[in-house]
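J.: What would the 3D arrangement of this be:
(one chain, ligands or ions: 3)
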Amino acid sequence: MDFQSIRINGDRLMQRIEDLATIGPHEDTGSCRLALTDEDRDGRDLVVTWMKDLGLEITIDGIGNVIATRPGKMEGPPTLTGSHIDTVATGGRYDGNLGVLAGIELIETLIENDITTRYPVGVAFFTDEEGARFPPDMLGSLVYVGGLALEQALEVEGIDGAILGEELDRIGYRGSAPCPGIPPRAFVELHIEQGPLLETEETTIGIVTGVQGISWTEYSITGQSNHAGTTPMHLRHDAGYVAARITTEAREIAKRMGGRQVATVGRMQFHPDLINVVAREARLTVDLRNTDEALLLEAENQMETCIRSLEESEGVVINSRSLARFEPVVFDSRVINIVSETSSQLNFSSMQMPSGAGHDAQMLARVCPTGMIFVPSRDGISHNPSEHTDRDDLIAGANTLLQSILTLDAKDLSGVEQ
Ligand code: HGY
Ligand code: MN
Ligand code: MN
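T.: Ligands and ions are numbered 1, 2, ... in the order given. The predicted model follows:
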């Protein structure tokens, strides 16, 4: 059979995206399925049902990663695709979900075309990719590749005080498959771009060359609570003011450095958080990213200099806790080339680009040849219920994924493969 002529069923893919979006809905088009919540459990149950309906062999590992595999003519590790189905609290319906559902769709397409691949083909969803409730992000795939010990991951405390392992047990997804998992023979992830580039360039497919480095730090500031009306300004040790200075410095660092440097303060709490009390404590998070490790270190150093100087000038104590630190990742040129050739064969416009967002693929890249496919995000919006990708682009991405997986299956990726 001429594999290059088969295509996924677009209506079926769109229907599954629609069905999954009904679980943990947020506003009219978005999703809220924070990792290991009831909504995440319900989303997992639905996706696992779809996997079982296709007769796939399903494994669940000790951190709750789910991998569904269809046998090939030969034994061995699968050519794997997948992503995540947990979302941020104000998420869209495509972030992560597209990659998992396109993986299920491509396997169903192989089944209905009676195509048996040389090697097994699998689709995975990894636990807690967002890291929004339980940091770091990509936690499940990091454990899968041996980058974080399972025991340590199970003890992570969430922003709501919950313990990851207890929540995993509560939703019934602590599996028995070992962590780290068996490295797949290759991994390709389809994902929305979550930025403005593809749309601006009027391009359908992003051939992702790598993922930028990520640095997440939580700062806890301790000053002195005092009366808002009677305390002279020069006698204050105002944790709220210091938090504001850190926030503006994060923005200044990104402005000064330019290029791809980005900086975000997404969380901030004061204590006692009262209008007429100088804040005694403040806690905030700083997210710094850059495609260049040396520049990311420079941004971190500039932030550290600011922290030390504020301790001095404001008479406060500032403690920091690293929540995530991943260096930039470059994907395997063989996979990048396959995605590039495939998108050309399918007559889709394409361009090479790095990823600004973190993805499970950046972890799988540690253990096997890995790459990613992007499709455009309308107005570059994501982590927002109005996240949107046009149907034709979603289907183009899924067909590029299908053909890339088939090409990878036909290719001998390492000397040991016959
Ligand atoms: O943080 C990220 O980039 C991803 O959404 N987890
Ligand atoms: Mn994602
Ligand atoms: Mn995300």
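
J.: Backbone torsions only: list them for the residue in the stretch 201-350 of the chain positioned nearest to ligand 2.
T.: In the stretch 201-350 of the chain, the residue that lies nearest ligand 2 is residue 211 (11.0 Å; CB to the ion). All C-beta atoms are positioned from the backbone trio N, CA, C, and that covers glycine. When quoted as degrees, to the nearest 10, the phi and psi of residue 211 stand at phi -130, psi 140.

J.: what's the neighbour count on the nearest residue to it once chain neighbours are set aside?
T.: Computed as CB to CB, 6 or more residues apart in numbering, the closest residue to residue 211 that is not its neighbour in sequence is residue 362, at 4.0 Å. Using other CB atoms under 10 Å, residue 362 has 30 neighbouring residues.

J.: was I right about residue 362 contacting residue 327?
T.: No: with contact defined as CB atoms under 8 Å, residue 362 does not count as touching residue 327 (9.4 Å).

J.: how near is the residue nearest to residue 211 to residue 411?
T.: Distance, residue 362 to residue 411, by CB to CB, to the nearest Å: 22 Å.

J.: What of residue 253?
T.: Distance from residue 253 to residue 411, by CB to CB: 43 Å.

J.: out of those two, which sits in the more crowded spot?
T.: Counting neighbours by other CB under 10 Å for residue 253 and for residue 411 shows that residue 253 has the greater number, 22 against 16.

J.: Next one, pLDDT for the residue of the stretch 201-350 of the chain closest to ligand 2 please.
T.: As predicted, residue 211 sits at a pLDDT of 98.

J.: Based on its surroundings, how many neighbours for it?
T.: 27.

J.: Next: residue 258.
T.: Applying other CB under 10 Å, we find 8 residues neighbouring residue 258.

J.: and it, backbone torsions?
T.: phi 60, psi -150.

J.: repeat for residue 157
T.: The phi and psi values for residue 157, taken as degrees, to the nearest 10, are phi -90, psi 130.

J.: and if you look at residue 223?
T.: In terms of degrees, to the nearest 10, the main-chain angles of residue 223 are phi -120, psi -130.

J.: my guess is it contacts residue 314, does it?
T.: Yes: if you go by CB under 8 Å, residue 223 and residue 314 touch, sitting 6.9 Å apart.

J.: between these two, what contacts are shared?
T.: 236-238, 242 (CB atoms under 8 Å, 6 or more residues apart in numbering).

J.: picking up where we left off before, more neighbours, residue 223 and residue 314?
T.: residue 223 (23 against 17).

J.: what sits against that one?
T.: Residue 223 is in contact with 236-239, 242, 278-282, 314-316, counting by CB under 8 Å, 6+ apart.

J.: same question, residue 185
T.: 76-80, 119, 368-369, 408, 413-414, 417.

J.: Those residues into CSV, with extra columns for pLDDT?
T.: Converted to CSV, the contacts of residue 185 look like this (pLDDT from 0 to 100):
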residue, pLDDT
76, 95
77, 97
78, 98
79, 98
80, 98
119, 97
368, 98
369, 98
408, 97
413, 83
414, 72
417, 48
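
J.: Looking at those residues, state which has the most neighbours.
T.: residue 79 leads these on contacts (other CB under 10 Å) with 29 neighbours.

J.: Quick check: end-to-end length of stretch 225-241?
T.: Stretch 225-241 has an end-to-end distance of 12 Å (CA to CA, to the nearest Å).

J.: If you average the pLDDT over that stretch, what comes out?
T.: For stretch 225-241, mean pLDDT is 98.

J.: Closest residue of the stretch 1-150 of the chain to ligand 1?
T.: Closest to ligand 1 within the stretch 1-150 of the chain is residue 137: 3.7 Å, counting by CB to the nearest ligand atom.

J.: Doesn't that residue belong to a strand?
T.: No: with DSSP: H, G, I helix; E, B strand; the rest coil as the criterion, residue 137 is assigned coil and is not in a strand.

J.: quick one, what contacts the residue nearest to it when sequence neighbours are not counted?
T.: Counting by CB to CB, 6+ apart, residue 137 lies nearest to residue 131, which is 2.9 Å off, once chain neighbours are set aside. Contacts here follow CB under 8 Å, 6+ apart; on that basis residue 131 touches 35, 137-139, 216, 323-324, 358.

J.: Residue 80 now?
T.: Under the criterion of CB under 8 Å, 6+ apart, the neighbours of residue 80 are 67, 121-124, 184-188, 364, 368.

J.: just residue 43 next, same as before
T.: 20, 23-24, 33, 85-86.

J.: Does it belong to a helix, a strand or coil?
T.: Per three-state DSSP, the local secondary structure of residue 43 is helix.

J.: per-residue confidence for it?
T.: Looking at residue 43, its pLDDT is 98.

J.: Quick check: it vs residue 93, distance?
T.: 11 Å.

J.: Quick check: neighbours shared by those two?
T.: residue 20.

J.: wait, isn't residue 378 in contact with residue 393?
T.: No: if you go by CB under 8 Å, residue 378 and residue 393 don't touch, sitting 9.3 Å apart.

J.: Compare those two and say which one has the larger neighbour count.
T.: residue 393 (23 against 15).
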